[in-house]
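Peer 1: Following is a predicted model, sequence given first.
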Amino acid sequence: MSMLYTGRPVPLDGNRKFSAQEAAQRAKAMACLRSRGNTECKGQVFVGIFFDGTGNNSKWVEKGETQDQQALNRHSNVARLFDSYISDEQNGFYREYIPGVGTPFPEVGDTFALATDKGGGGFGYMGADRINWGITYIFDILHLYATGTRLFAGKERRDLVNLMSMFMLQNGSSYAAPQDWKVGNWEVPGYLTSAPENLRRQTLYKNFEEKLKAAVKTSQRKIVQINVSVFGFSRGAAEARAFTHWLHELLKPVNGAFQIADIPIRMGFLGVFDTVAAVGVGDVTPVTFGHMAWAYKTQTILPAVEECAHFVALHEQRASFPMESSTGWKNIGYPGMHSDVGGGYKPGEQGKSMPAWGQSPQLSQIPLIDMHYAALKAGVPLRTMEEIAGEVKLKRDFASDPRLLQAYNDWLANNGIKAATVREFTEAHTRQYLRWRGSLHAGKGSLLLQERFYKDASVSDKKDLLEADVELGKMLRDWRGRASLTEGQRAARVLPKYGWRYSPLSGGVNSLVLDNPFENQLSAEQKKFLGIMTDGPMPPAACVKLFEDYVHDSRAGFRVVGKHEPVFLTGGYARFRHVFMQGEADAPLNRLASAVAKRGTDQAEEMAEDAQAIRDYTVHTYQDARDRVVRGYHRVEKAATETAHRVEQAANDAADRAKREIQAKADAAKRKAVELKNKTMAEIRRDADEAHRIYDAAQKHLIRKYEQMETLWHKYVD
């Protein structure tokens, strides 16, 4: 069972000290690092790969800004750790920073604005290219270290990476398949060209390895061992985990260890912040789950990874950001939203972590300090805090305000929530956050406008905060109104729901229709979240202080095509974050069946409550009223059964159509895979360019599919 814990109190100077045992572990891991001239350690190569998160790119100047993210002090923890990694290629220390999806990455050809912004941010577009870029970097620098020349010349590396990734369909046109199927010897999750991509990638990497092996064998400079460490945030964390899988596919087990190109290799450390594997269509609908394309079956933590640290956001709620657990390793929980853990908020955003409070007053500095500490302990060649203090830029990047650290330590000591399973732990912390949010609507109006953080927010942030708060207030007022009905009012509303109406336009008994039996009643889920947000004691004062001063509102600040996540699909604030346990990849139709079953259960509970209200009412009324209720109940039961059959038939029909379409496209894909062998590199490059041009059409096709499913959902389930 995967457990979730919170971390340890942070010293108020922000500098964690090693215990004697930790210092010994660090010394052992670093035995070959500081003795660069020692012949015993000659040939050790250290490689750090850093996958940044969605929308995170330290050198990117975003629309409306005049400076890049690093200059604005809103670059992520991954970018900060990259800057602290020792770079000394002559002595075997290499590092590679890979910008997040949804941002430009010219090295792999990710420069098409529409595809980068909408496809990368929305669907994980060109994520496979980024993963392959990281793996080809290892081949390239090993060749460079051994021979003094690179393995790839000019744009060859980009061309090869695009070739390995171009038909992966990470551009958003992936299909949610009803079940796994096979193309050749490869098991795939039912979307179009995954199997050809896998075959193509494996074949190319085998060629890379043979060339590298030949070069290393004849080189005078020998490589004793390759030490790989990988970091990631958000989708970059999912890329980092997929990277370990794809790299591991290339490794050869030898005497309990691994080799690549006959060189010993170890994956010594994996450090990931709040993994989100939202690839393809995400977790925002009942029939999609975000584990498509390169995220399919690549998110487990492999035994070959020697050390893993996974830091989780405890208060994130957005449906588009489901969390990927890391079973077998500690999931350490930190307060705040997704980017309060992985970084990316600039000081003062939404009136939180104000610039006057310190050089880097963001809540994300605490997980940064802890990840830096964990990596150092595992032997990753990062600069120490003492070395960081001597460099102006790094000193700012790793700064921590004593007030922030004290607020965090107070929250840690007083939140009152004990370690539990990942789902139980995140839900317990979310309950505290929602109780505080609900308290802002305790009266007739909202108290948001009186809050310090709202007053200090920018004009655009105020707009986002207010819009989301108005949406929440409207929902709570509606729920309170429906929940506060007296017994008589409730009975008066319930009884007509089970009565018959006669339409004179139709005539005959077939014109008798039943009113909606669930109209104007709170669902079990609505009742639960109304209670969470409005009943019970307030969270401890230390929690409230952290919420007010440091924790952002990720829902308010997140928009898709200019709008917040749709409440009718996600529940808005009335939801717990979805957690995928390691290895979970729910089939889409199973997700639909579960959603339908849950809706049926909720309606059954509401019908039971209605029946109780009717009994209480009819005790004092006429016998014929009870007879009408019985007839109404049977009609409801019949209608529910017919609806369930229609939903099942519609789902089966949709599955059959999808299967036929996908099989046809799979056959075409296999033919395409054979044709690829005869294509020249120039033709392949033209195909890659064409893929960019057709992306917009593919995205529109996906949206139409989504709208059709939404219509089906409302027609048969609502």
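Peer 2: Cool, got the structure. Residues are numbered from 1 along each chain as shown.
Peer 1: can you pull out the strands in the stretch 151-300 of the chain?
Peer 2: 181-183, 186-188, 225-233, 252-254, 257-260, 263-273 (DSSP state E, counting those that start in this stretch).
Peer 1: Put together JSON lines for those strands, with mean neighbour count, distance to A457 and mean pLDDT on each row.
Peer 2: For the C-beta atoms, the positions are set from N, CA and C on the backbone; glycine is no exception. Shown next, in JSON lines, are the strands of the stretch 151-300 of the chain (neighbours: other C-beta atoms under 10 Å; distance: least, C-beta to C-beta, whole Å; pLDDT from 0 to 100):
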{"stretch": "strand 181-183", "mean neighbour count": "15", "distance to A457": "50", "mean pLDDT": "34"}
{"stretch": "strand 186-188", "mean neighbour count": "17", "distance to A457": "47", "mean pLDDT": "33"}
{"stretch": "strand 225-233", "mean neighbour count": "26", "distance to A457": "24", "mean pLDDT": "98"}
{"stretch": "strand 252-254", "mean neighbour count": "10", "distance to A457": "55", "mean pLDDT": "95"}
{"stretch": "strand 257-260", "mean neighbour count": "18", "distance to A457": "50", "mean pLDDT": "96"}
{"stretch": "strand 263-273", "mean neighbour count": "23", "distance to A457": "25", "mean pLDDT": "97"}
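Peer 1: Which one of those lies nearest to T218?
Peer 2: When those are compared by C-beta to C-beta, strand 263-273 sits nearest T218, at 13.9 Å.
Peer 1: how about the strands of the stretch 151-300 of the chain in TSV, adding distance to R130?
Peer 2: Shown next, in TSV, are those (distance: least, C-beta to C-beta, whole Å):
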stretch	distance to R130
strand 181-183	24
strand 186-188	21
strand 225-233	10
strand 252-254	25
strand 257-260	20
strand 263-273	15
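Peer 1: Just tell me which of these ends up closest to G443.
Peer 2: Short answer: strand 263-273, nearest of the strands of the stretch 151-300 of the chain by C-beta to C-beta, at 38.0 Å.
Peer 1: can I see the domain layout of the chain?
Peer 2: Using the TED database, the domain parsing of the chain gives 43-170+178-415, 422-488+519-598.
Peer 1: Out of those domains, which is the most enclosed?
Peer 2: Highest mean neighbour count of the domains of the chain: domain 43-170+178-415, a mean of 21 (counted as mean count of other C-beta atoms under 10 Å).
Peer 1: Between the two ends of it, how far is it?
Peer 2: End-to-end distance for domain 43-170+178-415, by C-alpha to C-alpha, to the nearest Å: 49 Å.
Peer 1: Over to stretch 448-465?
Peer 2: 9 Å.
Peer 1: before we move on, what SS does G333 have?
Peer 2: Following DSSP: H, G, I helix; E, B strand; the rest coil, the label given to G333 is strand.
Peer 1: Surely it is in contact with D274?
Peer 2: No - counting by C-beta atoms under 8 Å, D274 is not a contact partner of G333; they are 9.9 Å apart.
Peer 1: Throw the domains of the chain into CSV and include distance to A668, thanks.
Peer 2: Compiled in CSV, those are given as follows (distance: least, C-beta to C-beta, whole Å):
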stretch, distance to A668
domain 43-170+178-415, 9
domain 422-488+519-598, 22
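Peer 1: so which of those domains gets nearest L12?
Peer 2: Closest among the domains of the chain, using C-beta to C-beta: domain 43-170+178-415, at 4.8 Å.
Peer 1: returning to that earlier point: mind checking the domains of the chain for the one nearest to A664?
Peer 2: domain 43-170+178-415 (10.1 Å).
Peer 1: for the stretch 201-350 of the chain, what are the low-confidence residue spans?
Peer 2: For the stretch 201-350 of the chain, applying pLDDT under 70 flags the ranges 280-292.
Peer 1: Would you map the helices across it?
Peer 2: 235-248, 338-342 (DSSP state H, counting those that start in this stretch).
Peer 1: out of those, which comes closest to E391?
Peer 2: Per C-beta to C-beta, nearest to E391 of those: helix 338-342, 22.6 Å.
Peer 1: residues in contact with the helix or strand just after the closest one?
Peer 2: Downstream of helix 338-342, the first helix or strand assigned by DSSP states H and E is helix 365-377. For helix 365-377, the surrounding residues in contact (C-beta atoms under 8 Å, 6 or more residues apart in numbering) are 7, 10, 14, 16, 18, 22, 25-26, 29, 77, 80-81, 84, 229, 231, 269, 271, 273, 307, 309, 311, 332, 334, 341-343, 382, 384-385, 398-400, 404-405, 408.
Peer 1: Could I get the average pLDDT for helix 365-377?
Peer 2: Averaged across helix 365-377, pLDDT comes to 97.
Peer 1: If I take that helix and strand 225-233, what angle do their directions form?
Peer 2: 170 degrees (axes from the mean of the first three to the mean of the last three C-alpha atoms, to 10 degrees).
Peer 1: and the helix or strand just after helix 365-377, what's its mean pLDDT?
Peer 2: Per DSSP H and E, the first helix or strand lying C-terminal to helix 365-377 is helix 385-388. Mean pLDDT, helix 385-388: 95.
Peer 1: Which strands or helices does the next helix or strand after helix 385-388 pack on?
Peer 2: Of the helices and strands lying after helix 385-388 in sequence (DSSP H and E), the nearest is helix 392-397. If contacts are counted by 3 or more C-beta pairs under 8 Å, 6 or more residues apart in numbering; DSSP states H and E, helix 392-397 sits against helix 77-84, helix 385-388.
Peer 1: Quick one: closest of those helices to G416.
Peer 2: Of all these, helix 77-84 comes closest under C-beta to C-beta, at 27.5 Å.
Peer 1: can you tell me the average pLDDT over that closest one?
Peer 2: Helix 77-84 comes out at a mean pLDDT of 99.
Peer 1: Residues contacting it, please?
Peer 2: 48, 50-53, 56, 58, 69-70, 95, 97, 231-233, 236, 271, 273, 342-343, 364, 367-368, 371-372, 375, 382-383, 388, 393-394, 397-398.
Peer 1: Give me the contact list for the following helix or strand past that helix.
Peer 2: Using DSSP H and E, the helix or strand that follows helix 77-84 in sequence is strand 93-98. Residues from elsewhere that reach strand 93-98, judged by C-beta under 8 Å, 6+ apart: 45-52, 58, 78-79, 82, 85-87, 105, 130, 133-134, 137, 141, 145, 236, 239, 381.
Peer 1: Quick check: the gap between F50 and A319.
Peer 2: Per C-beta to C-beta, to the nearest Å, F50 is found 28 Å from A319.
Peer 1: Against I223, how distant is K217?
Peer 2: For K217, the distance to I223 - C-beta to C-beta - is 11 Å.
Peer 1: I misspoke; the intended subject was L449.
Peer 2: Per C-beta to C-beta, L449 is found 63 Å from I223.
Peer 1: Over to E307?
Peer 2: From E307 to I223 the distance is 22 Å (C-beta to C-beta).
Peer 1: next one: R575
Peer 2: Going from R575 to I223 by C-beta to C-beta gives 50 Å.
Peer 1: same thing with F453?
Peer 2: 53 Å.
Peer 1: Let me see the contact set for K455.
Peer 2: So K455 contacts 351, 449 (C-beta under 8 Å, 6+ apart).
Peer 1: after the helix or strand encompassing it comes which helix or strand?
Peer 2: For K455, the host element (DSSP H and E) is helix 452-456. Note on helix 452-456: by DSSP H and E, the next helix or strand toward the C-terminus is helix 459-483.
Peer 1: pLDDT (mean, whole number) over that following helix?
Peer 2: So the average pLDDT for helix 459-483 ends up being 93.
Peer 1: out of the strands of the stretch 151-300 of the chain, which comes closest to G531?
Peer 2: strand 263-273 (32.3 Å).
Peer 1: do you know which of the helices of the stretch 201-350 of the chain lies nearest M581?
Peer 2: helix 235-248 (14.0 Å).
Peer 1: If you count contacts, what does the closest one end up packed against?
Peer 2: Using 3+ C-beta pairs under 8 Å, 6+ apart, helix 235-248 sits against strand 44-51, helix 127-147, strand 225-233, strand 263-273, strand 323-324.
Peer 1: could those go into JSON lines alongside distance to H315?
Peer 2: Putting the helices and strands packed on helix 235-248 into JSON lines (distance: least, C-beta to C-beta, whole Å) gives the following:
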{"stretch": "strand 44-51", "distance to H315": "24"}
{"stretch": "helix 127-147", "distance to H315": "26"}
{"stretch": "strand 225-233", "distance to H315": "17"}
{"stretch": "strand 263-273", "distance to H315": "15"}
{"stretch": "strand 323-324", "distance to H315": "11"}
